[in-house]
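Participant: could you work out the structure for the sequence below:
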Amino acid sequence: MNNWGDLLLHSDFGSASASFEVVLFAMLLSFTIGHTVAWVYMWTHDALSYSRTFVTSLAVIPVIVALMMILMSSGLVVAFGLLAVFAVVRFRNVLKDTRDTTFILWVIVEGLAVGTMRYSSALVGLVFIALVLFYFRLTSFGSRNRYDAVLSLQLTGDLATALAELKGVLQRYTTKSLLTSERRLTDEGLDLSYRVQLRDPRRSEELQWALRQAAGIEHVSFYLHEGESEV
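Facilitator: Numbers count the residues shown, from 1 in each chain. Just a heads-up that it's a prediction; the model follows:
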């Protein structure tokens, strides 16, 4: 019975550098790293699309890659066999965000590092890349307009006076405004649409109230969303 146990636990390993304990440690470490990457993805994710299966894939991919690298290190025959298997596999799921591709590459590289017994490099890479992604999250790096709003309204009566009122309100509550559409309804009516950046998003209700109180401004429609378009 002991011989069977030794055969089961040690038949795959021809050297001390690839013992059962080393492989088990590699599996546990790669799973821990993948699990951490998955948590970083969850904490920093702010897009509209979210997939639980993608998050779980981030946790398991490093384990698979680490095991693949350990197997490939045992000999050329196994290495070529694994490459042939992966050449047959077709991955048909299309990633919806380039950021998702970044996380896929991250977990693959972590699995490669653990599978080749470079444990310290895997841990340093895990901490450093996680800090970089948290920095991007906290500073909103790459976003030119953190808060963006679409404003639609109608000017009636004396258009010159109403337009002056509108400009005054926009100057008080916005840092930028861009007229995106203008449509004349009647001789004394004008339909306008603006893309605006607010000075303080918490005061959006005040902006709408000020517009509704201004003379010649009617049918105010306001839509606030975050970081999706630029002025």
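Participant: figure out how far the longest helix along the chain is from the centre of its chain.
Facilitator: Criterion DSSP state H: the longest helix present in the chain is helix 20-44. Counting by CA atoms, centre = their mean, to the nearest Å, helix 20-44 is centred 20 Å from the centre of its parent chain.
Participant: any idea which helix or strand comes after that helix?
Facilitator: Per DSSP states H and E, the first helix or strand lying C-terminal to helix 20-44 is helix 52-72.
Participant: what mean pLDDT does that following helix get?
Facilitator: Averaging pLDDT along helix 52-72 yields 80.
Participant: okay, now the domains of this protein?
Facilitator: When the chain is parsed with automatic domain parsing, its domains come out as 2-139, 147-226.
Participant: may I see these organised as CSV, with mean neighbour count added?
Facilitator: C-beta here means a position set from N, CA and C on the backbone, and glycine is covered the same way. Listed next are the domains of the chain as CSV, based on neighbours: other CB atoms under 10 Å:
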stretch, mean neighbour count
domain 2-139, 15
domain 147-226, 15
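Participant: ranking these by mean pLDDT, which is last?
Facilitator: Least confidently modelled of the domains of the chain is domain 2-139, at a mean of 74 by mean pLDDT.
Participant: what angle separates the longest helix of the chain from helix 52-72?
Facilitator: Helix 20-44 and helix 52-72 are oriented at 150 degrees to each other (axes from the mean of the first three to the mean of the last three CA atoms, to 10 degrees).
Participant: Leu185 reaches Leu155, doesn't it?
Facilitator: No: the criterion here is CB atoms under 8 Å, and Leu185 misses it with Leu155 at 9.3 Å.
Participant: direction included, what does the longest strand that the chain contains pair up with?
Facilitator: Ranked by residue count, the top strand of the chain under DSSP state E comes out as strand 174-186. Sheet pairing for strand 174-186, assigned by DSSP bridges, gives strand 189-198 (antiparallel).
Participant: next SSE after the partner strand?
Facilitator: Using DSSP H and E, the helix or strand that follows strand 189-198 in sequence is helix 204-213.
Participant: that following helix vs strand 174-186, what angle?
Facilitator: Taking the same axes, to 10 degrees, helix 204-213 and strand 174-186 form an angle of 30 degrees between their directions.
Participant: helices and strands around helix 204-213, which ones?
Facilitator: Contact here means 3 or more CB pairs under 8 Å, 6 or more residues apart in numbering; DSSP states H and E; on that basis helix 204-213 packs against strand 147-156, helix 159-173, strand 217-226.
Participant: and Ile129, which of those is closest to it?
Facilitator: Closest to Ile129 of these is strand 217-226 (CB to CB; 25.0 Å).
Participant: in its sheet, what does the closest one sit against?
Facilitator: Counting by DSSP bridges, strand 217-226 is paired with strand 147-156 (antiparallel).
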